[in-house]
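Asker: Sharing a model prediction with you, sequence too.
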Amino acid sequence: MFNLVKTAVLMAAITALFMAVGAMIGGQTGMLIALVVAVGMNFYSYWFSDKLVLKMYNAREVDASSAPQFYGMVRELAQRANLPMPRVYLIDEQAPNAFATGRNPENAAVAATTGILRVLSERELRGVMAHELAHVAHRDILISTISATMAGAISMLANFAAFFGGRDENGRPTNPIAGIAVALLAPLAASLIQMAISRAREFEADRGGAEISGDPAALASALDKIHRYAQGITMAPAEAHPETAQMMIMNPLSSGGLRGLFSTHPSTEERVARLMAMARGGR
């Protein structure tokens with residue numbers, strides 16, 4: 001029930017932001033059009049955003065024949081977690097990372113980069129995929145997928161406002177400085193909405209993943225290794241679609257400027273410390 005409430009609040013907040021940008025562009029008419037578009041996008045996000053995100057990353061689906069070890073690992077962990085078998089994808093990217101998507105456990109997918117398969121040991125990779133399955137078990141993959149889709153749409157709409165200006169409800173042009181302000185602040189507001197729930201969700205998925213795999217130290221080692229290996233490696237799809245960064249197990253974006261200040265992930269050091277406390281028998 002709590003996750004349903006979180007989803008509803010997120011969708012309402014992003015819809016309201018979408019409408020505000022629409023009002024900036026076209027006054028009351030623009031706001032109403034934006035409302036219709038937002039409702040349509042929420043519907044689309046619920047049913048199809050997982051496919052959109054997987055397409056953004058050029059993910060290819062694999063099975064027991066094409067990736068037997070990796071697929072078998074996910075299947076074993078899904079059984080341990082009492083979850084339906086998700087669809088399994090690989091992404092041909094050097095940067096080590098992974099994510100889960102889908103609207104519910106029955107329609108979930110997990111994806112990992114080929115880079116993470118090369119960098120991590122089998123034990124560490126089990127920890128990472130258990131983390132992603134914890135996202136599925138907690139039913140928060142819908143939240144992250146919807147927020148990524150809507151935040152991207154808000155950024156595009158805000159850019160439109162900056163380049164073409166806005167109109168009031170009487171059709172008169174608005175202050176061009178206001179359009180620029182909207183272009184800067186609307187995507188930032190969307191990021192803040194995402195960030196409000198993303199950091200706590202990562203801690204919970206770390207804890208849940210450690211419980212599924214039965215090996216908190218392995219996930220801690222994986223997070224530390226991913227953090228170190230990812231330095232200086234650009235993940236092009238994430239840079240092109242920064243709104244999807246909060247779906248990853250580790251923030252894939254370069255940390256310069258505002259991106260570093262408004263990270264959707266907690267610090268790796270704190271995540272590792274919590275997992276090692278679990279490994280030692282602490283809470």
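Answerer: Thanks, I have it. The model shown is predicted, which means the values in this text are computed figures rather than measured ones.
Asker: packing partners for the helix or strand containing A20?
Answerer: A20 is part of helix 2-56 when elements are defined by DSSP states H and E. With contacts taken as 3 or more Cβ pairs under 8 Å, 6 or more residues apart in numbering; DSSP states H and E, helix 2-56 sits against strand 98-102, strand 108-113, helix 141-164, helix 176-213. C-betas here are computed from N, CA, C, even on glycine.
Asker: Relative to the second one, what are the paired strands and their orientations?
Answerer: Each strand paired with strand 108-113, and its direction, by DSSP bridges: strand 87-91 (parallel), strand 98-102 (antiparallel).
Asker: Could you say which of those is packed most deeply?
Answerer: strand 98-102 (a mean of 27; mean count of other Cβ atoms under 10 Å).
Asker: send the alpha carbons of that strand over as PDB?
Answerer: Listed next in PDB are the C-alpha coordinates belonging to strand 98-102 (Å, rounded to 0.1, in the frame of the first residue of the first chain):
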ATOM      1  CA  ALA A  98      22.800  -2.700 -13.800                       C
ATOM      2  CA  PHE A  99      19.100  -1.800 -13.400                       C
ATOM      3  CA  ALA A 100      15.600  -3.300 -13.100                       C
ATOM      4  CA  THR A 101      12.400  -2.000 -14.700                       C
ATOM      5  CA  GLY A 102       8.800  -3.000 -15.300                       C
END
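Asker: from the middle of its chain, how far away would that strand be?
Answerer: Chain-centre distance of strand 98-102: 8 Å, with Cα atoms, centre = their mean, to the nearest Å.
Asker: Check stretch 99-115 too.
Answerer: 11 Å.
Asker: Check which residues of it are buried.
Answerer: 99-103, 105, 107-113, 115 (16 or more other Cβ atoms under 10 Å).
Asker: for stretch 36-45, same thing?
Answerer: 37-38, 41-42, 45.
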